[in-house]
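Engineer: coords below, sequence missing:
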């Protein structure tokens, strides 16, 4: 069964450093998302991406965050200058049709900022 | 406002007991979708079920069943004859458009512990 692949599974970074989280969505999917989950809390929407541009972003997704689809397969989330509170599990998701299908989530990247 | 409430933070049951996880949602949209996801200790989100707002038929899949009631804005999930492997955090989610694009709104999750 097709999967959404996220790398790395765990990233430790120093406060203030830039970090890039990588995702390979399912190949025929058109809509891409990033969600995050602070440990023990609920899953929160960060950003949606379609047709090579951001469709919507939450208040969490400030100027420190950016997304990119640099080629036909990867979808990346960049955090420019990490803060301690960015420590969370980051989930990538994709779907082929935002109306009729659920999302397929990746297994997540656990980001730890020290 | 769009919101999902999972009032049960944590539930503990003994293996083979039945357990129901509650989910109440709020939305003004007439078209929306409801989901349940399981998050085992390994952390990934595993899709369990999707219902759309026009389909109130309840569903059974093995030991899992779901009760969707629009009149009470609830989408409850029952596990029959629970097993230790069912131990996980379960998230209810609402997919709705609101004023923007379709996106998920998750509840805070219910941690289910099934004891042997």
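Structural biologist: Sure thing, it's come through. Since this is a predicted model, take the numbers as computed values, not measurements.
Engineer: Residue B:5 versus residue B:94, what's the distance?
Structural biologist: In this view, residue B:94 and residue B:5 are 10 Å apart by C-beta to C-beta, to the nearest Å. All C-beta spots, glycine's among them, are computed from the backbone N, C-alpha and C.
Engineer: burial measure for the nearest residue to residue B:7 once chain neighbours are set aside, as a count.
Structural biologist: Residue nearest to residue B:7 in three dimensions, not counting chain neighbours: residue B:22, with 5.9 Å by C-beta to C-beta, 6 or more residues apart in numbering or on different chains. Residue B:22: 17 surrounding residues under other C-beta atoms under 10 Å in any protein chain shown.
Engineer: which bits of chain A sit near chain B?
Structural biologist: Residues of chain A lying near chain B by C-beta under 8 Å from any C-beta of the partner chain: A:33, A:35, A:41-45, A:48, A:50, A:55-56, A:89, A:91, A:98-99, A:102-108, A:110.
Engineer: Next up, the contacts around the residue nearest to residue B:7.
Structural biologist: Residue B:22 makes contact with B:6, B:7, B:8, B:74, B:76, B:110, according to C-beta atoms under 8 Å, 6 or more residues apart in numbering or on different chains.
Engineer: who's the fifth one bridged to?
Structural biologist: Spelled out, it's residue B:76. Note on residue B:76: beta-bridge partners by DSSP bridges are residue B:67.
Engineer: so what's it up against?
Structural biologist: Taking C-beta under 8 Å, 6+ apart, one finds B:20, B:21, B:22, B:23, B:66, B:67 in contact with residue B:76.
Engineer: so which pair among those residues is furthest apart in space?
Structural biologist: Longest distance between any two of those is 11.8 Å, between B:22 and B:66; criterion C-beta to C-beta.
Engineer: Neighbouring strands - and their directions - for the longest strand along chain B?
Structural biologist: Ranked by number of residues, the top strand in chain B under DSSP state E is strand B:88-96. Strand B:88-96 has its sheet partners listed here by DSSP bridges as strand B:33-39 (antiparallel), strand B:103-106 (antiparallel), strand B:110-115 (antiparallel).
Engineer: Now tabulate these in TSV and tack on mean neighbour count and mean pLDDT.
Structural biologist: Shown next, in TSV, are the strands paired with strand B:88-96 (neighbours: other C-beta atoms under 10 Å in any protein chain shown; pLDDT from 0 to 100):
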stretch	mean neighbour count	mean pLDDT
strand B:33-39	22	92
strand B:103-106	23	85
strand B:110-115	17	96
